[in-house]
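In: A structural model of the following input is requested.
(chains A and B)
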Amino acid sequence: MTEPTELLFVGLPNVGKSSLINSLTGSVLKVGNWTGTTVEKRSLSWNPDFTNETISVVDLPGSYSLHATSPEEEVTKQVVTGCDGSHRRLLINVVDSGQLERDLYLTLELKELNQPMVVVLNLADEARKFGTTVDADALSERLGLPVVSTVGVSPLGSLSLASHLAEVLPSLEACSIKPFDSSEPDLTQLESRMREVMDLSAAVCTSDPIASQATLWHRRLDNALLHPLLGPLLFFIAMLLVFRFTFILSDPWITFLGTVQAVLAGWIAALPIPAIVASFFAEGVVGGLGTVAAFSPVLFFLYLGMSFLERSGFLPRIAVGADRLLRSFGLSGRSLVPLLLGFGCNVPALSACRTIDSTHERIRAAIAIPFMSCGARLAVYSLFAAIFFPGREAWVVLGLYLGGIAVGLISAALFGKRAADESVHSVIELPPFRLPPFHLLVREAWSRCMRFVQGAGRMVCVTVVVVWALLHIPHGMDTNVMDSVYGKVSQIAVPAFRPMGVEDPHLVGALIPGIIAKEVVIGSIATSISGMQPLEPVGLGNGLGQIGGAFLTALKETGAGLLALVSGLNLDISPNEEATPELMADLATRTTAAGALGYLVFILLYTPCVATVAALRNLVGWRWAGFLVVYQFAVAYVFGILVFQIARLAGFS
Amino acid sequence: MKLSDLSKGKTAVVDQVTLQAEHAVLARRLFLMGFRPGTRVEMMGRAPLGDPFVVRVNNQGFGLRRELTELIEVSPCD
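Out: Numbers count the residues shown, from 1 in each chain, chains lettered A, B, ... in the order given. The predicted model follows:
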């Protein structure tokens, strides 16, 4: 066989193309109730029940017209009009049943291409709720094309499309080459075709003139979100819930994965192999995998919350609300949620940037996000603030967060080209509110989480192994950290950090593993001061018991967390388990209050963790990612020194 | 009057969208979105910070920045 048969899904933004593909093929494409969820051509292989041929299903970015008005529409146009006559393809034009007047324009354009095509009336249930009924047979007759009705989000909603495909695919011919007239239509042409669309739509739609209960409810919600006081408050509560939900529910699973990691390391230590080999596997390889795994619960729950905000339609409203504020920094409302997610974890924040349709703005958001202080950095602040600024911890932590926001937004405004007419171009579409089905949210969050693990996992693992090697060269299992390459590098780096008030090699050294993940900074300081602990061997049965116990505890705490979620709204900072009173007393002697401030500012701003670098690379490419890594290091260095010097003059010693 | 002058809750009919020649692409996009002579547009209000404006055309909401709403001429219906 030659090329596989292609199904091209074409339609306006946010009419449910991706949902429909998910429902039809049972696979998971990212879906959002948000324009521009698909910004590139994505295809997947599908083995339907009705044939043993593998079919290529192509999801195209939403387009208003084949005469492109944006880069994503250009992609769609290229694919749809680019038939080379070599393979069989079917255009599947998905339209929103409630918006025929808007959607049929594209349908008419597609029809002119004279290719095999089917029109899918999607969201028929929603249209009915708003009082619009479409006569599919009449539409089919007037268009001269087959028309099927679907409900993309329900598992059976795409059956009609599947049975239509089973019927037409076997007799599908190879597409014929027909030149596409790409000259841009003038206003008269637009108007005449639009009249045709209006006539068509008027002939096949019956609308109930009385505004139904559903419309009223939508309007009320929209009015509340636009209210000058109620709007920001609702938004604030929504974000708070997303974060609380994420941290409360992910915490038990991080602990559980930590136990699994410790048991695996223990099993390796019990094997009859040289200690250095056991250490390589237990601390290097398993340690690396463990670091990746430890990210996944936070990511999963943040993605779950995000998916809900996206699919329900809240996201574009939030974007409208914050637009004015972010404009001053060359950003728009679309960047708000990515920026806020950064306070949880920079990684999902960067992947949320994909919903920003302007390339310039996407880069600016990517510049700002790593400066948003993530949950992992908070652990370092809370320990140092407790030691050096007792009673004033909250102010120190708040100051660091605000400082990060300021540096991030100013950096965004400084870099990245600004397209001259961007302000005019920013039109945000506000889709109807939709209640997303829970199982779809879970499936989607899971697949996004796995994509991160596969994507960034290798980079994180390699870095962990490299740091392991630095710790063990040249003395093997020698426990004195300061004699290893790691220790030597730390000591060499100390003079560079002296202007920042940090002269202790243990503190300086911990910045190296801090590049892997900010979570490990405290642990590294502890290891480096008190020496590496030898691995404790664990028996097979004992280990399994520990994992089982930890699993039950995690389940129990998740349940308790869900209860706590609805019962109260206190945002507590959990105490750091690695910080013993001895360590705190020891740390107090290693720098001054001013030095601690300089160190914390450096931790806040410097090179983000490898997972973030990997996400940056995926979003804006290697060159920008590389530049940003260097830029952030430089900014952190300059501000660390500045803050220390100012604090020292102000008398914090 | 300009769309930006339409008060909250009021409906108007679009007369004209005046965009410079270099914004032809945007003009076409707005046309396809429903901002074209003869369509009814309802002013839903403004974002809490005063900008963008939120309007409704053909049952679909849009957030438009002030600069853009000033380029759309409308006649209010009462």
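
In: any idea which helix or strand carries A:Thr206?
Out: Using DSSP states H and E, the secondary-structure element containing A:Thr206 is strand A:205-207.

In: In the strand or helix carrying A:Leu563, which residues are buried?
Out: Take DSSP H and E as the rule and A:Leu563 turns out to sit in helix A:540-567. Of all the residues in helix A:540-567, those buried under the rule 16 or more other C-beta atoms under 10 Å in any protein chain shown are A:543, A:546-547, A:550, A:554, A:557-558, A:561, A:564. C-beta: built from backbone N, CA, C; applies to glycine.

In: Show the average pLDDT along it.
Out: Helix A:540-567 shows an average pLDDT of 86 in the prediction.

In: Can you give the distance of it from its chain's centre?
Out: Between the centre of helix A:540-567 and the centre of its host chain there is 27 Å, according to C-alpha atoms, centre = their mean, to the nearest Å.

In: Could you list the low-pLDDT ranges of the stretch 301-450 of chain A?
Out: Across the stretch 301-450 of chain A, the ranges flagged by pLDDT under 70 are A:355, A:357, A:416-425.

In: can you map out the strands along it?
Out: Listed from the start of the chain, the stretch 301-450 of chain A has strands (DSSP state E, counting those that start in this stretch) covering A:427-430.

In: quick one: pLDDT of the nearest residue in space to A:Gln546 that is not next to it in sequence?
Out: Sequence neighbours aside, A:Val263 is the residue nearest to A:Gln546 in space, at 5.3 Å (criterion: C-beta to C-beta, 6 or more residues apart in numbering or on different chains). Model confidence at A:Val263, expressed as pLDDT, equals 91.

In: could you say which helix or strand contains A:Val263?
Out: If you go by DSSP H and E, A:Val263 is part of helix A:230-270.

In: cool, and B:Phe62?
Out: Per DSSP H and E, B:Phe62 falls inside strand B:60-64.

In: That strand near chain A anywhere?
Out: Yes: with C-beta under 8 Å from any C-beta of the partner chain as the measure, strand B:60-64 is seen reaching chain A through B:60-64.

In: before we move on, the earlier item: now for the helix holding A:Leu563, which elements pack on it?
Out: If contacts are counted by 3 or more C-beta pairs under 8 Å, 6 or more residues apart in numbering or on different chains; DSSP states H and E, helix A:540-567 sits against helix A:230-270.

In: Test my guess that the residue nearest to A:Gln546 contacts A:Pro537.
Out: No: look at A:Val263 against A:Pro537 with C-beta atoms under 8 Å: they stay out of range, at 10.8 Å.

In: who's more crowded, the two?
Out: A:Val263 (21 against 16; other C-beta atoms under 10 Å in any protein chain shown).

In: could you check the distance from the more buried one over to chain B?
Out: In this structure, A:Val263 and chain B are separated by 51 Å, where distance is defined by C-beta to the nearest C-beta, to the nearest Å.

In: In the stretch 351-500 of chain A, what residue lies closest to chain B?
Out: Distances from the stretch 351-500 of chain A to chain B, computed as C-beta to the nearest C-beta, single out A:Leu430 as the nearest residue at 3.1 Å.

In: With adjacent residues omitted, what lies nearest to that residue?
Out: For A:Leu430, the nearest residue in space outside its immediate sequence neighbours is B:Gly61; the separation is 3.1 Å by C-beta to C-beta, 6+ apart.

In: Who does the one you found form a beta bridge with?
Out: On DSSP bridges, the residues paired with B:Gly61 through beta bridges are A:Leu430, B:Arg56.

In: Report how many residues lie close to it.
Out: There are 22 residues near B:Gly61, going by other C-beta under 10 Å.

In: again with A:Gly640
Out: 26.

In: Quick check, pLDDT for it.
Out: A:Gly640 is assigned a pLDDT of 95 by the prediction.

In: for the lowest-mean-pLDDT helix or strand in chain B, packing partners?
Out: Among the helical and strand segments of chain B, the one scoring lowest on mean pLDDT, DSSP states H and E is helix B:24-33, with a mean of 83. In terms of contacts (3+ C-beta pairs under 8 Å, 6+ apart), helix B:24-33 is packed against helix A:100-112, helix A:187-204, strand A:427-430, strand B:11-17.

In: let's see 10 Å
Out: helix A:100-112, helix A:187-204, helix A:422-425, strand A:427-430, strand B:11-17, strand B:60-64 (3 or more C-beta pairs under 10 Å, 6 or more residues apart in numbering or on different chains; DSSP states H and E).

In: circling back: and the angle from the helix holding A:Val263 to helix A:540-567?
Out: Computed with axes from the mean of the first three to the mean of the last three C-alpha atoms, to 10 degrees, the direction of helix A:230-270 lies at 170 degrees from that of helix A:540-567.

In: and the helix or strand that helix A:230-270 is followed by, which residues are buried?
Out: Following helix A:230-270 in sequence order, the next helix or strand is helix A:275-279 (DSSP H and E). When neighbours are counted by 16+ other C-beta under 10 Å, the buried residues of helix A:275-279 are found to be A:278-279.

In: Ok, stretch A:496-510 next?
Out: With burial defined by 16+ other C-beta under 10 Å, the residues of stretch A:496-510 counted as buried are A:497, A:500-502, A:504-510.

In: Okay, now the sheet partners of whichever strand or helix holds A:Leu121, with direction.
Out: Under the criterion DSSP H and E, the helix or strand holding A:Leu121 is strand A:117-122. Each strand that pairs with strand A:117-122, with its direction, by DSSP bridges: strand A:89-96 (parallel), strand A:147-149 (parallel).

In: next structured bit after it?
Out: Trace forward from strand A:117-122 with DSSP H and E and the next one is helix A:124-129.

In: how far out from the middle of the chain is whichever helix or strand comes after that next one?
Out: As assigned by DSSP H and E, the chain's next helix or strand after helix A:124-129 is strand A:132-134. Going by C-alpha atoms, centre = their mean, the spacing between the C-alpha centre of strand A:132-134 and its chain's C-alpha centre is 36 Å.
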